[in-house]
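Visitor: Here you go, sequence then predicted model.
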There are 2 protein chains.
Amino acid sequence: MSLAHALLTALSERSCSGSELAKRFDRSIGFFWPATHQQIYRELSRLETTGWVSSRAVEAAPGRRRVYEVLPAGREELSRWVSTPHEPKAIRDELLVKLRAEAVLDGGGLRDALRLRLERHRDKLEAYRAIELRSFDDAEPPRKQRLQHLILKAGIDVELLWIDLCENALAILDGGTED
Amino acid sequence: MSLAHALLTALSERSCSGSELAKRFDRSIGFFWPATHQQIYRELSRLETTGWVSSRAVEAAPGRRRVYEVLPAGREELSRWVSTPHEPKAIRDELLVKLRAEAVLDGGGLRDALRLRLERHRDKLEAYRAIELRSFDDAEPPRKQRLQHLILKAGIDVELLWIDLCENALAILDGGTED
DNA sequence: GCTACCATGTAACAGGTTACATGATTAG
DNA sequence: CTAATCATGTAACCTGTTACATGGTAGC
């Protein structure tokens, strides 16, 4: 049920409509919990049925926009969920399966996939670093900012990890002997 | 369709029965592509229908064991899949959502979850390092071993990353000022 | 011959993905 | 007034998860 709580988190930061949520997801929470607009609308309906958020139609707005807002019960639920420990989820990444398949196939066909991944991870790294420069320049930031920065740094480290993996894999496929 | 290809990979390494596959998954490919025995049996049936694997019943064996084997068409499919580039998948980890929720809630309720994750990631790190010592002591390993070692090192790096994240998050929640 | 265990499987469900549909507002 | 775009939504599907069922073999 993490999408529900991701939405509660985003709406706690600022109330907004479904489409705006979808856009905000694309450039913040969605980095580590992606969601399409279909998922978001479906989940918002459920949240409203459960009584964790309320919505009101916005007059004089494009489409039939509705603005969602977290109710006290939703805030309690979010708090309860945050305090509930959970098991880590496994990585589940296609590339690692492909590396293992490449090891048994012995063909070298993985090169293109590795180069694409490398490009994507470098792009993402750059995007994260741009956000970092833009948003976290404070030398002595408040707790909230420090936590948000920590999340971003985790994202950066993940990209660095994949970049390193891809480069090493390409070196092996190209027959290099360096480690 | 990654489970299908993970199974083809495992069966290419060595033919075996469904239950044995489930066990092998638990301690190798399953680290980065987990699968329950139900998923495995369902997928094996499909693979056989598609004509990528064949199975034969084993007489004089416990239960009604069937041994699965990759057919030439399956080997081709695996090769085709390895050469097909794919987009990286997002992280999708509950902990990052919770960190962000903690930032907006301002309560400190995340400590227990962080401590549990820390423990789990340390355990996994230790397990991976034990495998590394056991399996990769060769100074000049063949290509196949180098690729497999690379996968394992990626797993180790991922655990180190999470450990670092959890420790830093706990430091912030405990009001420390170190970065 | 019980009991426990093993290999295989079924059924129901939850969540995510993709394709498409509808009404309403805005731009030209 | 027509085309493009926006906000919301429906439907079908696929994968993964959980709980349970069945038949067979092995140990006592």
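Guide: Looks like it came in fine.
Visitor: Name the helix or strand for A:L3, please.
Guide: Per DSSP states H and E: A:L3 is located in helix A:2-13.
Visitor: average pLDDT for the helix or strand following that helix?
Guide: The helix or strand immediately downstream of helix A:2-13 is strand A:16-17, counting by DSSP H and E. Averaged across strand A:16-17, the pLDDT comes to 92.
Visitor: about what we covered before: show me what the helix holding A:L3 packs onto, helices and strands only.
Guide: Packing partners of helix A:2-13 (3 or more Cβ pairs under 8 Å, 6 or more residues apart in numbering or on different chains; DSSP states H and E): helix A:18-27, helix A:37-50, strand A:53-57, strand A:66-70, helix A:72-82, helix B:94-105. (Each C-beta comes from the backbone N, C-alpha and C, glycine too.)
Visitor: Would you tell me which one of those is buried the most?
Guide: Of all these, helix B:94-105 carries the top mean neighbour count, a mean of 24, counting by mean count of other Cβ atoms under 10 Å in any protein chain shown.
Visitor: Can you name the next helix or strand after it?
Guide: In N-to-C order, the element after helix B:94-105 by DSSP H and E is helix B:111-135.
Visitor: what's the angle between the following helix or strand past that following helix and helix A:143-173?
Guide: Using DSSP H and E, the next helix or strand after helix B:111-135 towards the C-terminus is helix B:143-173. Interaxial angle of helix B:143-173 relative to helix A:143-173 (axes from the mean of the first three to the mean of the last three Cα atoms, to 10 degrees): 170 degrees.
Visitor: The residue nearest the centre of chain A - nearest residue in space that isn't next to it in sequence?
Guide: What sits nearest the mean C-alpha location of chain A, by Cα atoms, centre = their mean, is A:F32, with 1.7 Å. What sits nearest to A:F32 in space, not counting adjacent residues and going by Cβ to Cβ, 6 or more residues apart in numbering or on different chains, is B:L96, at 4.0 Å.
Visitor: how near is the one you found to A:A169?
Guide: Going from B:L96 to A:A169 by Cβ to Cβ, to the nearest Å gives 26 Å.
Visitor: ok, now A:R122?
Guide: Separation of A:R122 from A:A169 (Cβ to Cβ): 15 Å.
Visitor: Could you check which of the two has the larger neighbour count?
Guide: Taking neighbours as other Cβ atoms under 10 Å in any protein chain shown, A:R122 and A:A169 compare with A:A169 leading, 25 against 15.
Visitor: how about that one, what does it touch?
Guide: A:L99, A:L110, A:L114, B:L147, B:L150 (Cβ atoms under 8 Å, 6 or more residues apart in numbering or on different chains).
Visitor: Check A:L96 too.
Guide: Here A:L96 is in contact with B:F32, B:W33, B:I151, B:A154 (Cβ under 8 Å, 6+ apart).
Visitor: let's see it at 7 Å
Guide: Contacts for A:L96 (Cβ atoms under 7 Å, 6 or more residues apart in numbering or on different chains) come out as B:F32, B:I151, B:A154.
Visitor: Thanks a lot, see you next time.
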